[in-house]
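Undergrad: show me how the following folds:
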Amino acid sequence: MSKQIHHWVAGRLVEGTSGRSSAVYDPATGEKTGSVALADQREVDEAVSTARAAAQDWARSSLSQRAAVMFNFREILHARQDELAMVITAEHGKVLSDAAGEVARGLENVEFATGVPHLVKGSYSEQVSTGVDTYSLRQPLGVVAGITPFNFPVMVPLWMCANAIACGNAFVLKPSEKDPSASLLLAEMWKEAGLPDGVFTVLQGDKVAVDALLAHDDIAAVSFVGSTPIAKSIYETATAAGKRVQALGGAKNHMVVLPDADVDLAADAAVSAGYGAAGERCMAISVVVAVGGIGDRLVDAIASRLPKLRVGPGSSPDTDMGPLITAEHRDRVAGYIDRGSESGATVVVDGRHGELPTSGFFLGATLLDHVEADASVYADEIFGPVLSVVRRDTFGEALELINSNPYANGTAIFTRDGGAARRFQNEVEVGMVGINVAIPVPVAYYSFGGWKASLFGDSHMYGPEGINFYTRGKVVTSRWPDPATSVVDLGFPQTR
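TA: Numbering: from 1, shown residues only. From the prediction side, this is the model:
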């Protein structure tokens, strides 16, 4: 039976009233499993009004109270992570191990946020002038919104809401309408943890809800993760409305393999980073840059591993790669195989062939060799299990290739040469760098974000930059009368 997926407002499920909805599918079968409500302007206004009232009280709560809620939420999330992973797999399609890994990375951000009493500490300078002290504060913004993508329906919301709520804000989440159920499970956990009603809100919706949030006078800040065109639009729209914005865009992540690299290590990393979660990750490796004479050996090593990847439902314990999110997206990704061939690339492995389930939105791992930089398969963010190999003669040419790309989210180098690795980390124009690590996602006490067309705004996500984003600084300069001249009996001998 198809389920109805609602909003979460004021600590409870609220049915949609707009009359609009969107179908939710199981990508492994292609069957419709639910219908999610799509909020309109009036529903957004009502939800934000509730969040604003809750934010005023929550901002006045003590740091110890906030930390206690965060610790409670952490324990509940940890205890129910398997349940949450199954919800992710049912609507996104990624294999259960990937879903569990997503929850674990989100949990790290919650653990970081439990330290909020330390994270928002200000500074104090006594006697900056005679009888004058100066000190700094960090205070919450009010109501903040998060607009999150389908590919990480738990981790990315936790990148945002953990810090935002710990800092004393109310948080309004607009998840992807493609896999919305995990957001409601998070809402239940926040309530169970003791978070006051209204501090965490879920507004299901599409562009109508997004536009309403971006224009709303009571939304102080917006966090977004998604494609570059939408990130750019959200940044420009929300900043024009006077809001603070962090908008993470698309990616075209390169993995450089130098001639001295361990070929087996590099091939294993390329397969894991290129095809994990069916390539639907902003940190997925989509381009392998083979330098010098390593190309043939590396391509052979990657190709030899692909027949061993088992493609099937994410809920099956022996599956290595699940389906893509929709049939339309699967077909768009598959179209790049012919386009790559037409542009002169060699199709080493064609993911349209081989053993694939007959139902669902499946595409197998695809490997293209001799891809040129002017081909669409190289230039576009494909967001699927298509790995391109570009060949360059020298390290310098590989570095130039990466630095000339408009995307600059993540990159990696595989080498045994410490000097080459050091030069790479210093000269590559990318926000997150891995050395013999294919997917260099920072731990929670650092911050996540790229450069150039992969980031709009100057604030990276979560970690210390997340704390700064969800608070604003205030500096107080105070002067008090000399105790010797006070007319109040202070209870200790006066000195003159």
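Undergrad: how about the contacts made by G292?
TA: G292 is in contact with L258, P259, D393, T394, counting by C-beta atoms under 8 Å, 6 or more residues apart in numbering. Backbone N, C-alpha and C define where each C-beta goes, glycine included.
Undergrad: measure the last one to G419 for me?
TA: The one in question is T394. T394 sits 15 Å away from G419, taking C-beta to C-beta, to the nearest Å as the criterion.
Undergrad: more crowded one of these two?
TA: Set T394 next to G419 and count neighbours by other C-beta atoms under 10 Å: T394 wins out with 11 against 8.
Undergrad: just the pLDDT for the more buried one.
TA: Reported pLDDT at T394 in the predicted model: 98.
Undergrad: need the contact list for it.
TA: Counting by C-beta under 8 Å, 6+ apart, T394 has contacts V291, G292.
Undergrad: ok, back up a step: farthest-separated two in the contacts of G292?
TA: L258 and D393 (11.9 Å; C-beta to C-beta).
Undergrad: hey, what's in contact with both of these two?
TA: With C-beta under 8 Å, 6+ apart, L258 and D393 have common neighbours V291, G292.
Undergrad: looking at the two, which is more packed in?
TA: Each of L258 and D393 has its neighbours counted (other C-beta under 10 Å); L258 has more, 22 against 10.
Undergrad: that one and T415 touch, don't they?
TA: Yes. L258 is in contact with T415 according to C-beta atoms under 8 Å; the separation is 4.1 Å.
Undergrad: so where's the protein uncertain?
TA: 1, 484-496 (pLDDT under 70).
Undergrad: try 50
TA: Within the chain, the ranges that satisfy pLDDT under 50 run 495-496.
Undergrad: do a quick rundown of the strands in the stretch 51-200 of the chain.
TA: Applying DSSP state E, counting those that start in this stretch to the stretch 51-200 of the chain gives strands spanning 124-129, 132-140, 143-147, 170-174, 200-202.
Undergrad: V271 is nearest to which of those?
TA: That would be strand 143-147 among the strands of the stretch 51-200 of the chain, by C-beta to C-beta, at 31.7 Å.
Undergrad: before we move on, back to that, columns distance to D40 and mean neighbour count on top of the strands of the stretch 51-200 of the chain, output as JSON lines?
TA: Below are the strands of the stretch 51-200 of the chain laid out as JSON lines (distance: least, C-beta to C-beta, whole Å; neighbours: other C-beta atoms under 10 Å):
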{"stretch": "strand 124-129", "distance to D40": "48", "mean neighbour count": "10"}
{"stretch": "strand 132-140", "distance to D40": "28", "mean neighbour count": "16"}
{"stretch": "strand 143-147", "distance to D40": "16", "mean neighbour count": "27"}
{"stretch": "strand 170-174", "distance to D40": "13", "mean neighbour count": "28"}
{"stretch": "strand 200-202", "distance to D40": "15", "mean neighbour count": "26"}
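Undergrad: make a markdown table from those and add distance to R281 to it.
TA: Putting these into a markdown table (distance: least, C-beta to C-beta, whole Å) gives the following:
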| stretch | distance to R281 |
| --- | --- |
| strand 124-129 | 43 |
| strand 132-140 | 31 |
| strand 143-147 | 18 |
| strand 170-174 | 20 |
| strand 200-202 | 23 |
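Undergrad: out of the ones you listed, the one nearest A54 is which?
TA: strand 170-174 (5.0 Å).
Undergrad: tell me the strands beside the closest one, with direction?
TA: strand 143-147 (parallel), strand 200-202 (parallel) (DSSP bridges).
Undergrad: got a list of contacts for the last one?
TA: Strand 200-202 is contacted from outside by 7-10, 47-48, 50-51, 161, 165, 170-175, 183-184, 186-187, 190-191, using C-beta under 8 Å, 6+ apart.
Undergrad: next step: those residues restricted to helices.
TA: Taking DSSP state H as the definition of helices, the contacts of strand 200-202 contribute A47, V48, T50, A51, C161, I165, S183, L184, L186, A187, W190, K191.
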